[in-house]
Every structure is written in C-alpha cells, then in structure tokens.
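**Q** take this sequence and fold it.
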Amino acid sequence: MKTLLLAAIFLPVLAFGNDKAQKTYPIHGVVIAIHTGRTRTGAYTDPYGKTWGTGGKETHIYRIETDTLIYEITKRGTEPRFSVGDAVDFRINIKKESVWIREGDKEQEYWLTGTEQKPPVGK
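**A** From the prediction side, this is the model:
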C-alpha cells in the first residue's frame with residue numbers, strides 16, 4: 001500500500017520534473033544606433049606619475065527602441081552582434097541589471113546601461 005502511494009506521488013514528479021520552464025522574451029524592439037567604446041581595466045597612476053594597467057576591452061553599445069522606452073545595452077567583444085534596423089526580442093533582469101536577448105535558439109546576456117523615455121511623436 002505504501003509503495004503504491006509513494007509511486008502515485010513521485011511518478012508525476014519524475015515524469016514532468018525535467019521540463020524546464022519556457023523562457024519568454026516579452027519586450028520587442030529595433031536597434032536604432034550602435035557605437036563602440038573601450039573599458040579600462042585596473043588602470044592606476046603610481047606616486048611618480050606613471051600610469052599602469054591601461055589595457056582595455058572593446059565594447060559595443062546598442063540603443064534599442066521599443067514602443068515606450070529606449071534601452072542602452074553593452075556587450076564586450078570584437079565584432080558587433082547586431083546592425084541598425086535589426087529586430088530583437090529580450091527580457092530584463094532588473095536585480096542583475098542585465099538584458100537577455102534571444103539569438104536564434106540561444107540567448108546572450110548584455111549589461112543594461114541606461115533607459116530613457118521615448119520622445120513624443122512630432123517633437
């Protein structure tokens with residue numbers, strides 16, 4: 001009896017427990033601008049005026065326009081991942097200040113570096 005009861009409880013869990021929740025990308029936008037920058041890592045000046053650790057990495061900053069907001073996101077890398085006019089679907093994790101963009105059947109994480117209200121039409 002106990003075995004039958006345990007099987008009735010755990011069998012559905014085992015059957016459906018491996019299903020991952022489908023990730024959704026509720027925000028839709030269009031890339032309206034791209035520019036590059038460099039981040040400096042570990043740069044400092046010693047007491048004698050010499051600068052050390054001026055190495056940096058190239059970053060790409062994308063502006064994505066949605067119906068109500070314009071998002072600015074950043075990704076390190078040598079090649080741009082998007083072009084102006086590309087449509088993107090994404091989700092935001094506010095606590096981590098990150099944006100997850102669907103790229104084919106995968107997703108990539110970007111840093112959310114800014115948002116602004118979209119200007120009214122005609123102004």
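
**Q** need the contact list for residue 93.
**A** With contacts defined as C-beta atoms under 8 Å, 6 or more residues apart in numbering, residue 93 is in contact with 99-100. C-beta: built from backbone N, CA, C; applies to glycine.

**Q** separation between it and residue 73?
**A** Applying C-beta to C-beta, to the nearest Å, the value for residue 93 to residue 73 is 12 Å.

**Q** give me the common contacts of the two.
**A** residue 99.

**Q** what about the residue nearest in space to the middle of the chain, helix or strand, and which?
**A** For the chain, the residue sitting closest to the mean C-alpha position, by C-alpha atoms, centre = their mean, is residue 99 at 2.5 Å. In this assignment (DSSP states H and E), residue 99 forms part of strand 98-103.

**Q** also residue 58?
**A** Going by DSSP H and E, residue 58 is in strand 56-65.

**Q** quickly run through the sheet partners of that strand, with directions.
**A** Each strand that pairs with strand 56-65, with its direction, by DSSP bridges: strand 27-40 (antiparallel), strand 69-76 (antiparallel).

**Q** for it, buried residues please.
**A** 59-64 (16 or more other C-beta atoms under 10 Å).

**Q** roughly how far is that strand from the heart of the chain?
**A** 11 Å (C-alpha atoms, centre = their mean, to the nearest Å).

**Q** and if you look at stretch 64-72?
**A** 14 Å.
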